[in-house]
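In: Sharing a model that was predicted from the sequence below.
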Amino acid sequence: MHLDHTHDTTPAALGADARRPDGARRALRIGLGGPVGSGKTATVAALCRALREELSLAVVTNDIYTCEDAEFLLREAVLPPERITAVETGACPHTAIRDDISANLEAVEDLEDEVGPLDLILVESGGDNLTATFSKGLVDAQIFVIDVAGGDDIPRKGGPGVTTADLLVVNKTDLAPYVGSDLDRMAADAKAQRAELPVVFQSLRTGSGVQDVAAWVRAQLAAWTA
């Protein structure tokens, strides 16, 4: 078993509103959700570094009362500043990505108007729990990020984020020996919960798995532009 390998890159179902009002194809939108501290922003940064030379992309971050995630991406210089924007949700992150998506829709549309044409927009949710899912009116595919430090029972516990996301990323695998997490057990539990939906085991410190996530994103974009 290759813990850092994507088992399936089959493109997820795409949104219905594939074109902008002027008839041009809009950017593919991929949402990233997951608990606080799981490594969502670091994963976004890694994806930007992996894809920025080949794609025109931008990022929307969500925080409840701050712009810390956007500020992190700006400090890391993963993209030009005009390609990174922040949404302050002021409430539960579920609201802004699933229930009332208007602020995020406005943000992604403004990015396309101001720096487009874009191939890809990454929409990062604020830190949430295992029930976090994105509205299909906002994104075309979803990545859910968990980490081994949160406990190796997370895949077994399930929840919509774990069981239905188009890609599950198990992050911080380098910490497994230090926190007592069993990666083989996590892989088996994820397989049981997700069937054929893909899972990537990732360590941003060692670089393992990052290219598998980037390859999955490329597969979604290939289907989007076909």
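Out: Everything's here; your move.

In: could you measure D119 against V148, distance?
Out: Note on D119: its distance to V148, by C-beta to C-beta, to the nearest Å, is 32 Å. The way it works is simple: take the backbone N, C-alpha and C, and place the C-beta from them, glycine included.

In: Compare those two and say which is more crowded by neighbours.
Out: Higher neighbour count among D119 and V148: V148, with 25 against 17, using other C-beta atoms under 10 Å.

In: what sits against that one?
Out: Neighbouring residues of V148 by C-beta atoms under 8 Å, 6 or more residues apart in numbering: V170, N171, K172, T173, L175, A176, V179, S181, L183, M186.

In: if we go to 7 Å?
Out: V148 makes contacts with V170, K172, T173, L175, A176, V179, S181, as judged by C-beta atoms under 7 Å, 6 or more residues apart in numbering.

In: Check which element follows the helix or strand hosting A50 along the chain.
Out: Secondary structure assignment for A50, by DSSP states H and E: helix 40-51. Toward the C-terminal end, the helix or strand that comes next after helix 40-51 (DSSP H and E) is strand 57-63.

In: my guess is A165 contacts I146, does it?
Out: No: A165 is not in contact with I146 according to C-beta atoms under 7 Å; the separation is 9.9 Å.

In: Give me the helices and strands touching the least confident helix or strand in the chain by mean pLDDT, please.
Out: Counting by mean pLDDT, DSSP states H and E, the chain has its least confident helix or strand at helix 93-94, which shows a mean of 75. Helices and strands touching helix 93-94, as assessed by 3 or more C-beta pairs under 7 Å, 6 or more residues apart in numbering; DSSP states H and E, are absent.

In: tell me the angle of the longest helix anywhere in the chain relative to helix 40-51?
Out: Across the chain, the longest stretch assigned as helix under DSSP state H is helix 210-225. Angle, helix 210-225 to helix 40-51, by axes from the mean of the first three to the mean of the last three C-alpha atoms, to 10 degrees: 70 degrees.

In: So which bits of helix 210-225 are buried?
Out: For helix 210-225, burial by neighbour count (16 or more other C-beta atoms under 10 Å) applies to V210, D212, V213, A214, W216, V217, R218, A219, Q220, L221, A223, W224.

In: burial measure for the nearest residue to Q211 once chain neighbours are set aside, as a count.
Out: Nearest residue to Q211, sequence neighbours excluded (C-beta to C-beta, 6 or more residues apart in numbering): A50, at 6.7 Å. Neighbourhood size, A50 [other C-beta under 10 Å]: 18.

In: what residue ranges in the chain score low on pLDDT?
Out: Applying pLDDT under 70 to the chain flags the ranges 1-16, 20-21, 23.

In: my guess is V44 contacts A58, does it?
Out: No: using C-beta under 7 Å, V44 is not in contact with A58, being 11.0 Å away.

In: Reformat the buried residues of helix 210-225 as CSV; add distance to V139.
Out: Compiled in CSV, those are given as follows (distance: C-beta to C-beta, whole Å):
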residue, distance to V139
V210, 21
D212, 20
V213, 16
A214, 17
W216, 14
V217, 12
R218, 17
A219, 16
Q220, 10
L221, 13
A223, 14
W224, 12
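
In: related to what we said a few turns ago, which residues does the residue nearest to Q211 contact?
Out: Going by C-beta under 7 Å, 6+ apart, A50 touches V210, Q211, A214.

In: re the thing from before, how much does the helix holding A50 deviate in direction from strand 57-63?
Out: Here the directions of helix 40-51 and strand 57-63 differ by 180 degrees (the same axes, to 10 degrees).
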